[in-house]
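**Student:** Give me coordinates for this.
(chains A and B)
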Amino acid sequence: MKQIKGQKSKIENALGKKIGEVIESRSAEFIGQCYKLDEAPPLGCLIKTQDKSGVTYGVVFDVETHSLEPGRRVVARGENLESEEEVFAANPQLSRLLATDFKVLVVGYTEGKDCHHYLPPRSASIHSFVYICQLEEVRIFTGSTDFLSLIINARIDVPVDEVVAACLRYASEAHVDRDAFLVGAGKELARMLSGDANRLNSLLKRIK
Amino acid sequence: MSLDLSKLVGQIIDLAASLKSKSGEKQAKIEFALKSLRSSAVDLDALKKKIESSKTTWLIASPRESVDLHLTPPTCPDDFIVLASDGSHIDVDRHQSAHCFLINIGIVQLQYGRNPDAQLLNFPYLYYKDEDVSINSADGRKIPIEGQLLGIKRSIEECHLLAERAQVLDSGLPVVSLLDGSLILWRLAEQVYPDFVIRELLVDGFLKYMNQLKELSRSRPLALASYISYPRSTDVVNLLRLAVCPHLPVDCDRHCAGKFVSKECDVLNGVLDRDLFWYLLAPEERSAVYSSSSSVVSKYYGDSEVNFFYVRLDGEVARVEIPLWVAESEKLVGLVHSTILDQCRRGLGYPVSLSEAHEQAVINTSGRQQFWALVEQILVDDGVSISGSAKSESKRTRWI
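**Tutor:** As a prediction, the model looks like this:
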């Protein structure tokens, strides 16, 4: 995985691990809450959640760390401290009062042995655990880029093209032939954005 | 109809002017109080004798140390734990069909140093059984727990859960257990309650849990303290009243009862202990430790006799109350002093542990409404017949 140094090992360690659980769920999106503060999966990361009806796959499109209690604002505390770690050591209650949430676009699901790249019939179950997909799973799921239309057409607060590009860069690391994967994905994007050359160019630059 | 503020503006302006005109007069009184405090310190033994022989109508602080003492804090330990407790309650609502009340206690455990950690907990408990919602005497008398008595019950539960939490701490680090408000259950003294009520609430309740903490302190460095922000107490100023009194022995009823001309001690009227110590103490310093002469303390508290000192923080003087077994240990007084200052620094002026305990305990208006709605819903689901008052219904549905 070609991530920023430091983040790389964190993500590699997290592959396949349970990182949080679903706290809000709709057909096309869900929100997961991390078990550990600031340990959210990166933008564009493929994650999954499983319940009785099968596995739901999703792409992380937004991460937010916030106060757990509405009306209580976070205040700056580190003016006289040397490091950010010291802020938490001097105020151990912070880790109990803050939470990191990540928003996920649902991009597919499995039903028995079949993998579909469109929305599942049911939304992800509340409190179902969220895992970062193993590389092999990323490779298999993104073997088809049909899921891209779900992201391209999503109405979200984050620039959609940034999410598409982040997702493709992330997924490309799981493929043996990274360039071939990106060329295939680029062709798929060209088909979807055939009427908007500027947007397509801008997006393609982001996945090089 | 909402409050018509436009009718109040003029009155508020008058209030501000009145306060302004009194400030010069008050400053002169504070300076006199400071002078009296310093001169009283010269002969502490004489002052103590004067206290012992006095008969006054006010509470007088009895000094354990020199009255003008102002002491910087010792260094805070590298590793330590602060336990804090606070509570809130939903009183019995006679307009509701279910006779019950709720006490919610917030407990916070903060560990500082090499292994920082935090536990933020809350314990809501519903009281509805006959034996829970009233205090019963052996001869069949029943005093319902509601209103003021419920406030006292809540204070007891705050101390109860604090002691329980302290008992399960498995680390040997120094611990400061903090309560919000006074260690003196004033409200028990304010009204005449039958002896069995005082026994159950105080002797078999609050004092029992204070004693559990005392027992724990035998095997580890553990202190109990309560924190009063912006205190209105005058125990030390009253001591100065006694110091400036020309009568010996001091006997208010004998010498000054019904006196219409001004008395010598009137010069201290309106001065609070916090005014005095704001000028006597430098930032972070504490005052001498004093013991309280409250009648409820002297009658019931015994070994847990309440002592107190004042500490100057950045923006105010706070009162810290400690039981006798803490006051008698210089180390524990130092631990409380340094920890309170450290907590206030971390909490932007107020002990962070108490502030978080409050956050765990507080029940806001919507929480209260949701609670009664849930009670009603479950009673209906279970087929229990409910009938609220017409007044309660009328408040819920506002109409014109």
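
**Student:** which residues touch the residue nearest the centre of chain A?
**Tutor:** Computing the C-alpha centroid of chain A and ranking residues by CA atoms, centre = their mean puts residue A:60 first, at 1.9 Å. Contact analysis of residue A:60 by CB atoms under 8 Å, 6 or more residues apart in numbering or on different chains lists A:40, A:41, A:42, A:43, A:44, A:45, A:47, A:102, A:103, A:104. (Glycine included, C-beta is placed from N, CA and C.)

**Student:** which neighbours does the host helix or strand of it have in its sheet, and in what orientation?
**Tutor:** Taking DSSP states H and E as the criterion, residue A:60 maps to strand A:54-67. Within its sheet, strand A:54-67 is paired with strand A:46-51 (antiparallel), strand A:98-111 (antiparallel), according to DSSP bridges.

**Student:** Mind putting those strands into TSV with mean pLDDT and mean neighbour count?
**Tutor:** Listed next are those as TSV, based on pLDDT from 0 to 100; neighbours: other CB atoms under 10 Å in any protein chain shown:
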stretch	mean pLDDT	mean neighbour count
strand A:46-51	94	22
strand A:98-111	96	21
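
**Student:** Dump those into a markdown table; add distance to residue B:350 as well.
**Tutor:** A markdown table is the format used below for these (distance: least, CB to CB, whole Å):
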| stretch | distance to residue B:350 |
| --- | --- |
| strand A:46-51 | 41 |
| strand A:98-111 | 20 |
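
**Student:** what sits against the closest residue to residue A:192 other than its chain neighbours?
**Tutor:** Leaving aside its sequence neighbours, residue A:192 sits nearest to residue A:152 (CB to CB, 6 or more residues apart in numbering or on different chains; 5.6 Å). Counting by CB under 8 Å, 6+ apart, residue A:152 touches A:160, A:164, A:189, A:192, A:193.

**Student:** Quick one: the strands in the stretch 101-250 of chain B, in order.
**Tutor:** B:101-112, B:117-127, B:134-136, B:142-144, B:175-180, B:222-228 (DSSP state E, counting those that start in this stretch).

**Student:** The first one: how far from the chain's middle?
**Tutor:** With CA atoms, centre = their mean, to the nearest Å as the basis, strand B:101-112 stands 16 Å off its chain's centre.

**Student:** close to chain A, is it?
**Tutor:** Yes: Strand B:101-112 is in contact with chain A by CB under 8 Å from any CB of the partner chain, via B:108, B:110, B:111, B:112.

**Student:** Any figure for the gap between the last one and residue B:338?
**Tutor:** Spelled out, that is residue B:112. Distance of residue B:112 to residue B:338, given as CB to CB, to the nearest Å: 12 Å.

**Student:** Without its sequence neighbours, what residue ends up closest to residue 75?
**Tutor:** Using chain A here. Nearest residue to residue A:75, sequence neighbours excluded (CB to CB, 6+ apart): residue B:348, at 7.4 Å.

**Student:** think we crossed wires, I meant chain B
**Tutor:** Nearest non-adjacent residue to residue B:75, counting by CB to CB, 6+ apart: residue B:338, 6.6 Å away.

**Student:** check contacts around the one you found.
**Tutor:** Applying CB under 8 Å, 6+ apart to residue B:338 gives the contacts B:73, B:74, B:75, B:76, B:77.

**Student:** hmm, which two among the residues you listed are most spread apart?
**Tutor:** Spanning the widest gap among those are B:73 and B:77, at 11.8 Å by CB to CB.

**Student:** how about the helices of chain A, start to end?
**Tutor:** A:7-14, A:84-90, A:94-97, A:135-141, A:148-152, A:160-172, A:178-192, A:197-206 (DSSP state H).

**Student:** out of those helices, nearest to residue B:378?
**Tutor:** Here helix A:94-97 is closest among those (CB to CB), at 29.8 Å.

**Student:** Tell me the buried residues in the helix or strand where residue B:254 lies?
**Tutor:** Here residue B:254, judged by DSSP H and E, is contained in helix B:252-256. For helix B:252-256, the neighbour count (16 or more other CB atoms under 10 Å in any protein chain shown) marks B:252, B:255, B:256 as buried.

**Student:** ditto for stretch B:187-203
**Tutor:** Neighbour-count burial for stretch B:187-203 [16+ other CB under 10 Å]: B:187, B:188, B:189, B:193, B:197, B:198, B:200, B:201, B:202.

**Student:** So what's the residue count around the closest residue to the last one other than its chain neighbours?
**Tutor:** Which is residue B:202. Distance criterion CB to CB, 6+ apart; nearest residue to residue B:202, sequence neighbours excluded, is residue B:300 at 5.3 Å. Counted with other CB atoms under 10 Å in any protein chain shown, residues neighbouring residue B:300 total 19.

**Student:** State the distance from residue B:300 to residue B:190.
**Tutor:** On the measure of CB to CB, residue B:300 and residue B:190 end up 15 Å apart.

**Student:** Quick check, pLDDT for the residue of chain A positioned farthest from its centre.
**Tutor:** Centroid-distance maximum for chain A: residue A:80 at 35.1 Å, with CA atoms, centre = their mean. On pLDDT, residue A:80 comes in at 89.

**Student:** Would you quantify the distance from residue B:328 to chain A?
**Tutor:** For residue B:328, the distance to chain A (CB to the nearest CB, to the nearest Å) stands at 31 Å.

**Student:** Not counting stretch A:92-101 itself, show me its contacts.
**Tutor:** Here stretch A:92-101 makes contact (CB under 8 Å, 6+ apart) with A:23, A:31-34, A:36-40, A:63-69, A:72, A:74, A:87-88, B:108, B:110-112, B:116-120, B:352, B:356.

**Student:** now do stretch A:163-181
**Tutor:** A:1-2, A:42-46, A:59, A:61, A:105, A:135-136, A:138-139, A:142, A:148, A:151-152, A:154, A:156, A:182, A:185, A:189, A:203, A:206-207.

**Student:** which regions of the chain sit below the pLDDT cut-off?
**Tutor:** By default, I'm working from chain A. For chain A, the stretches flagged by pLDDT under 70 are A:1-14.

**Student:** nope, chain B
**Tutor:** In the predicted model, chain B carries pLDDT under 70 at residues B:259-261, B:386-400.

**Student:** quick one, longest helix in it?
**Tutor:** Counting residues, the longest helix found in chain B (DSSP H) is helix B:9-42.

**Student:** for it, packing partners?
**Tutor:** Where contact means 3 or more CB pairs under 8 Å, 6 or more residues apart in numbering or on different chains; DSSP states H and E, helix B:9-42 is packed against helix B:235-244, helix B:273-280.

**Student:** what does the first one rub up against?
**Tutor:** With contact meaning CB under 8 Å, 6+ apart, helix B:235-244 is reached by B:33, B:36-37, B:39-40, B:47, B:50-51, B:54, B:56, B:58-63, B:67, B:250, B:264-265, B:267-268, B:271-273, B:276-277, B:287, B:290, B:292-293, B:308, B:310.
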